[in-house]
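# kindly generate the corresponding structure for this input.
(one chain, ligands or ions: 2)
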Amino acid sequence: MGMRAIGLMSGTSVDGIDAALVELSGTETDLEVKLLRSETFDYPAALRSQILAVCAGESLSMAAMAQLDDAIAREFAAAAKTIQTAQPDSQPIRFIGSHGQTVFHRPPQAADEQPLGYSLQLGRGSAIAHWSGITTISNFRVGDLAMGGQGAPLVPRVDAYLLGDEQECRCVQNIGGIGNVTYLPARRGFANLTAWEGAVWGWDTGPGNVLVDLAVQHLTDGAQAFDRDGAWAAQGQISDPLVTQWLADPFFSQEPPKSTGREHFGPDWLGRSRQAAIALGLSDADWLASLTELTARSIADSYRNHLPQLPDRVLVCGGGSRNRTLWARLQQHLGSIPLETTDQWGLCASSKEAIAFAVLGYWRLLDRPGNLPAATGARQSVPLGEVWPAPSAG
Ligand SMILES: Nc1ncnc2c1ncn2[C@@H]1O[C@H](COP(=O)(O)OP(=O)(O)OP(=O)(O)O)[C@@H](O)[C@H]1O
Ligand SMILES: CC(=O)N[C@H]1[C@@H]2OC[C@@H](O2)[C@@H](O)[C@@H]1O[C@H](C)C(=O)O
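Ligands and ions are numbered 1, 2, ... in the order given. Now for the predicted structure:
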């Protein structure tokens, strides 16, 4: 029997906590993850607004930050306890792997006086361990940042061992708030596993759902959080000149390793895009169609611009996989390359990132590396995460 664990993730959409109860066995090529249960726990509305305000640059006193940190940790601990209670049996949970909530992300800048990147995830693991009574592994990004890396994306090494293939070259495309890709060349072309792992690659492709979400929230005064199934964008016309103008953003032509967040693709970016759309006389639906197109184009263009070869297949995960308009546009730009969800390959598309943080925590306990230097730019691969033992009962 494998090791039972819980993975917890709240991403850049800030929609809620994705929780996955898993059973883990093996290590890398023999790694197996059985998903026993998964659930999303929405943030209380007031907490979500506060997180979004902080992500948008609102300043906080240290006391307010401590309070926010622990309000998030409480939600994470409660999510873990709820999913633990829903277990099919009463097996002990060995650990929680918790990503936490990113509220600030600054990639390293080579020309800067402070070249180290900085990434802050709130919801401290020590408090989650305290409130859940389960050993918690958290703060996964800092170890990579200390090695000079971007601190993101961290999922590529997990994708490699869960979705890599002997014969086929694949891309795994996550479309959360921000989009990120993992490139998995076919294993058969490599002398050994180390050589193959060295050729696995990944980067943030840019906006996933974040701009469309913000636009829908703006247009509906917050009544709607996202463009369900892409229905609104489907009613509009794409403005190619506008999309081309947006694609001139320097992030898109930057060579990987690269990562980004709401600091760049956030409210200010959206405001400028709104002005440009109004200047061209676009309707609301045209604006949404064009923002959706930007996500699709930025993903497909980044494959063409950066990859050594186009993949045989693209596997999509994250909430954006449910946006039909985005899906159709991405398929259009990928031409004959088949586009499928990771569900079709045995890995739940809406829980994959939560599952990945359970695997990264597992690798921490096994003293195995978590990051891929090719994906993050770190000087070396290291085990990721800090371990917070639960206080013993009684
Ligand atoms: N039915 C749907 N139609 C269109 N979009 C959807 C649908 N369901 C979810 N989404 C989109 O998915 C988003 C949530 O995706 P997800 O949970 O993968 O994001 P995340 O955890 O913030 O990701 P990341 O950390 O990778 O940025 C929502 O904000 C919404 O934009
Ligand atoms: C700083 C941060 O939280 N980055 C997230 C975000 O959401 C998607 C993309 O940007 C990715 O780089 C990362 O998450 C995934 C899970 C990762 O680290 O692989």
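# mind telling me what element residue 238 is part of?
Secondary structure assignment for residue 238, by DSSP states H and E: no helix or strand.
# if I read this right, it contacts residue 293, doesn't it?
Yes. Contact status for residue 238 versus residue 293: in contact at 4.6 Å, counting by Cβ atoms under 8 Å. Just so you know, the C-beta spots here come from the backbone N, C-alpha and C atoms, and that holds for glycine as well.
# who has more neighbours, those two?
Shown here are residue 238 and residue 293; by other Cβ atoms under 10 Å, residue 293 has more neighbours (25 against 21).
# put the alpha carbons of the helix or strand where that one lies into CSV.
Using DSSP H and E, residue 293 maps to helix 284-306. The C-alpha trace of helix 284-306 is given here as CSV (Å, rounded to 0.1, in the frame of the first residue of the first chain):
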residue,chain,number,x,y,z
ASP,A,284,-17.7,43.9,-25.0
ALA,A,285,-17.9,40.5,-26.7
ASP,A,286,-15.2,41.5,-29.2
TRP,A,287,-12.9,42.5,-26.3
LEU,A,288,-13.5,39.1,-24.6
ALA,A,289,-13.0,37.3,-27.9
SER,A,290,-9.7,39.1,-28.5
LEU,A,291,-8.5,38.5,-24.9
THR,A,292,-9.4,34.8,-25.3
GLU,A,293,-7.5,34.8,-28.6
LEU,A,294,-4.5,36.3,-26.9
THR,A,295,-4.3,33.4,-24.5
ALA,A,296,-4.6,30.8,-27.3
ARG,A,297,-2.1,32.6,-29.6
SER,A,298,0.4,33.2,-26.8
ILE,A,299,0.4,29.5,-26.0
ALA,A,300,0.7,28.2,-29.6
ASP,A,301,3.2,30.9,-30.6
SER,A,302,5.4,30.1,-27.6
TYR,A,303,5.7,26.5,-28.8
ARG,A,304,6.7,27.7,-32.3
ASN,A,305,9.1,30.2,-31.0
HIS,A,306,10.9,28.2,-28.3
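# quick one: buried residues of that helix?
Within helix 284-306, the residues that count as buried by 16 or more other Cβ atoms under 10 Å are 284-303, 306.
# for the stretch 1-150 of the chain, which residue gets nearest to ligand 2?
In the stretch 1-150 of the chain, no residue comes nearer to ligand 2 than residue 102, which is 3.4 Å away by Cβ to the nearest ligand atom.
# and the residue nearest to that residue when sequence neighbours are not counted, what is it in contact with?
Closest residue in space to residue 102, ignoring its immediate chain neighbours: residue 121 at 5.3 Å, by Cβ to Cβ, 6 or more residues apart in numbering. Neighbouring residues of residue 121 by Cβ atoms under 8 Å, 6 or more residues apart in numbering: 99, 100, 101, 102, 103, 138, 139, 140, 141.
# please report how far residue 339 lies from ligand 2.
Note on residue 339: its distance to ligand 2, by Cβ to the nearest ligand atom, to the nearest Å, is 19 Å.
# equivalent analysis for residue 173, please.
Look at residue 173 and ligand 2: by Cβ to the nearest ligand atom, they are 11 Å apart.
# following element in sequence after the helix or strand harbouring residue 214, please.
Residue 214 belongs to helix 210-219 when assigned by DSSP H and E. Per DSSP H and E, the first helix or strand lying C-terminal to helix 210-219 is helix 231-234.
# same for that next one, what does it pack against?
helix 284-306, helix 324-334 (3 or more Cβ pairs under 8 Å, 6 or more residues apart in numbering; DSSP states H and E).
# repeat that with 7 Å
Applying 3 or more Cβ pairs under 7 Å, 6 or more residues apart in numbering; DSSP states H and E, we find helix 231-234 packed against helix 284-306.
# the helix it packs on vs ligand 1: in contact?
No. Residues of helix 284-306 are not located near ligand 1 by Cβ under 6 Å from any ligand atom, the shortest gap being 9.7 Å.
# just the mean pLDDT for that helix, thanks.
Helix 284-306 carries an average pLDDT of 98.
# before we move on, what about stretch 182-197?
Averaging pLDDT along stretch 182-197 gives 97.
# cool, and stretch 31-40?
97.
# report the distance from that stretch to the chain centre.
17 Å (Cα atoms, centre = their mean, to the nearest Å).
# can you mark which positions in that stretch are buried?
Within stretch 31-40, the residues scored as buried using 16+ other Cβ under 10 Å are 31, 33, 35, 36, 37, 38, 39, 40.
# just stretch 363-379 next, same as before
For stretch 363-379, burial by neighbour count (16+ other Cβ under 10 Å) applies to 363-365, 368-378.
# do the same with stretch 59-77
Residues 68, 69, 70, 71, 72, 73, 74, 75, 76, 77 are the ones in stretch 59-77 that count as buried (16+ other Cβ under 10 Å).
# so which strand or helix has the fifth one?
What it means is residue 72. Going by DSSP H and E, residue 72 is in helix 62-85.
# identify all contacting residues around that helix.
Applying Cβ atoms under 7 Å, 6 or more residues apart in numbering, the external contacts of helix 62-85 come out as 6, 8, 17, 19, 21, 37, 39, 41, 43, 47, 50, 54, 60, 93, 96, 98, 101, 122-124, 127-128, 131-132, 134.
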